[in-house]
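Peer 1: What would the 3D arrangement of this be:
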Amino acid sequence: MMGFSVSDELLGTVAPIVVYWLYSGIYVALSSLERYRLHSKAEEEEKNLVSKSAVVKGVLLQQVVQAAVAILLFTVTGSDAEADIAQQFSLLVLTRQFIIAMIILDTWQYFMHRYMHHNKFLYKHIHSQHHRLVVPYAYGALYNHPVEGLLLDTVGGALSFLISGMSPRTSIFFFSFATIKTVDDHCGLCLPGNLFHMVFKNNSAYHDVHHQLYGSKYNFSQPFFSVWDRILGTYMPYSLEKREGGGFEARPTKEFKDD
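Peer 2: Just a heads-up that it's a prediction; the model follows:
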């Protein structure tokens, strides 16, 4: 009986999409836990300017484009089987590739994201679509205008793949990890014991500040580190306070309240 195998290239294309919806589904199941939410369920329904069905359609469109670019990228770059096998057994090489890819993706997304806020035309016609989610939720993480999805996420991902020199097999794990982190940043929950919140300062509360009117010119960093915000003066410090009626709220510190 012949075995069935799936290529690394196919897994590298499909895995991040599957991971996106599976991980989002976990947060959908947990969204009823009001005591851990950054906004109430009522606020989510009242403040958001786009229907959930439109969000799902927008995300699926972006994922189709991402899949097409991934297939093209894997086809153009090819795969060296011997080199791929060697990489699997070199923890140092894998660690270096992950770190480089994270830095490249963070840098690209910070400056593109910031520019889309400061350029009035780009914000009005492109980036404002993402900010229709005033109260972010997990499966809205990749809800963007198609042009933004291509420039910010797809091109950024392609650059991190190419510059880091990772193999298709390594890309399965890196982009699945990046996908989980992006979903987590938009989940709208602060759950106890969340490892992402312990390891990364750039988390759901950090990004929630950016989605509010007072923070729209701050906290641009995504998806991993807050370094560029801190270096370039766009970091908005905040405290996580208990919200009246249950849950939490990310509140800017006093100096920003007084601006």
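
Peer 1: Just give me how far the host helix or strand of residue 58 sits from the chain centre.
Peer 2: Applying DSSP states H and E as the criterion places residue 58 in helix 52-77. Between the centre of helix 52-77 and the centre of its chain there are 14 Å (CA atoms, centre = their mean, to the nearest Å).

Peer 1: Equivalent analysis for stretch 221-233, please.
Peer 2: Mean C-alpha position of stretch 221-233 versus that of the full chain (CA atoms, centre = their mean) differs by 14 Å.

Peer 1: and what of stretch 182-198?
Peer 2: 12 Å.

Peer 1: which residues are contacting it?
Peer 2: In this structure, residues lying in contact with stretch 182-198 by CB atoms under 8 Å, 6 or more residues apart in numbering are 20, 23-24, 27, 30-31, 33, 36-39, 44, 133, 135-142, 181, 202-208, 222-223, 240, 248. (Glycine included, C-beta is placed from N, CA and C.)

Peer 1: Which of the residues you listed fall within helices?
Peer 2: Of the contacts of stretch 182-198, the ones assigned to helices by DSSP state H are 20, 23, 24, 27, 30, 44, 181, 204, 205, 206, 207, 208.

Peer 1: ChimeraX command to pick out the buried ones of those residues?
Peer 2: A single ChimeraX command is used to select the members of those judged buried by 16 or more other CB atoms under 10 Å:
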select :20,23,24,27,44,181,204,205,206,207,208
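
Peer 1: and the ones in helices among the contacts of stretch 182-198 as a markdown table, adding distance to residue 113 and pLDDT?
Peer 2: Formatted as a markdown table, these follow (distance: CB to CB, whole Å; pLDDT from 0 to 100):
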| residue | distance to residue 113 | pLDDT |
| --- | --- | --- |
| 20 | 19 | 98 |
| 23 | 22 | 98 |
| 24 | 21 | 98 |
| 27 | 22 | 96 |
| 30 | 27 | 95 |
| 44 | 23 | 94 |
| 181 | 15 | 97 |
| 204 | 17 | 96 |
| 205 | 18 | 95 |
| 206 | 13 | 96 |
| 207 | 11 | 96 |
| 208 | 15 | 96 |
